[in-house]
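Enquirer: make a model of this:
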Amino acid sequence: MSNKNAATESMVARLHAQITKIFGMSLAQMIVKLEDGCEAEFAVDTKLLGQVITFLDKNAIYAVPEEEAAGSSLHAQLEAIKAKQRGTVIPLVREG
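Expert: Here you go, the predicted structure:
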């Protein structure tokens, strides 16, 4: 029995590609800010990172070989952001 309102595989694939592109562009902007010297707490949108991680975790995300894909890897972008965050430590000093 099929649902007449169900999306086709191509519709879902197109939606997946669009979401992935938006997430990728957002992550790329964060990386640029970090590379320009912006501190992680201001450059990184942790809510967006959580959404990206949830999106990847909760959906059956399948990768294709790079030669078959036109876009960049969200995973690689997330790893780049994590690597840049590691170097940004702000010591807390008690005043008074």
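
Enquirer: please count neighbours and contacts with C-alpha atoms only from this point.
Expert: OK.

Enquirer: scan the chain for its longest helix.
Expert: Ranked by residue count, the top helix of the chain under DSSP state H comes out as helix 9-35.

Enquirer: buried residues, that one. List them.
Expert: Using 16 or more other Cα atoms under 10 Å as the test for burial, helix 9-35 gives 20-21, 23-24, 26-28, 30-31, 33-34.

Enquirer: how about stretch 42-62?
Expert: 43-44, 49, 52, 55.

Enquirer: nearest to residue 2, of the residues you listed?
Expert: Proximity of the buried residues of stretch 42-62 to residue 2 (Cα to Cα) peaks at residue 55, which lies at 26.2 Å.

Enquirer: please, which helix or strand holds the closest one?
Expert: helix 46-58 (DSSP states H and E).

Enquirer: and if you look at residue 95?
Expert: Short version, using DSSP H and E: residue 95 is in no helix or strand.

Enquirer: can you check residue 2 too?
Expert: Applying DSSP H and E, one finds residue 2 in no helix or strand.

Enquirer: neighbours of it, how many?
Expert: 5 (other Cα atoms under 10 Å).

Enquirer: any idea how far residue 39 is from it?
Expert: 51 Å (Cα to Cα, to the nearest Å).

Enquirer: before we move on, what about residue 6?
Expert: Distance from residue 6 to residue 39, by Cα to Cα: 45 Å.
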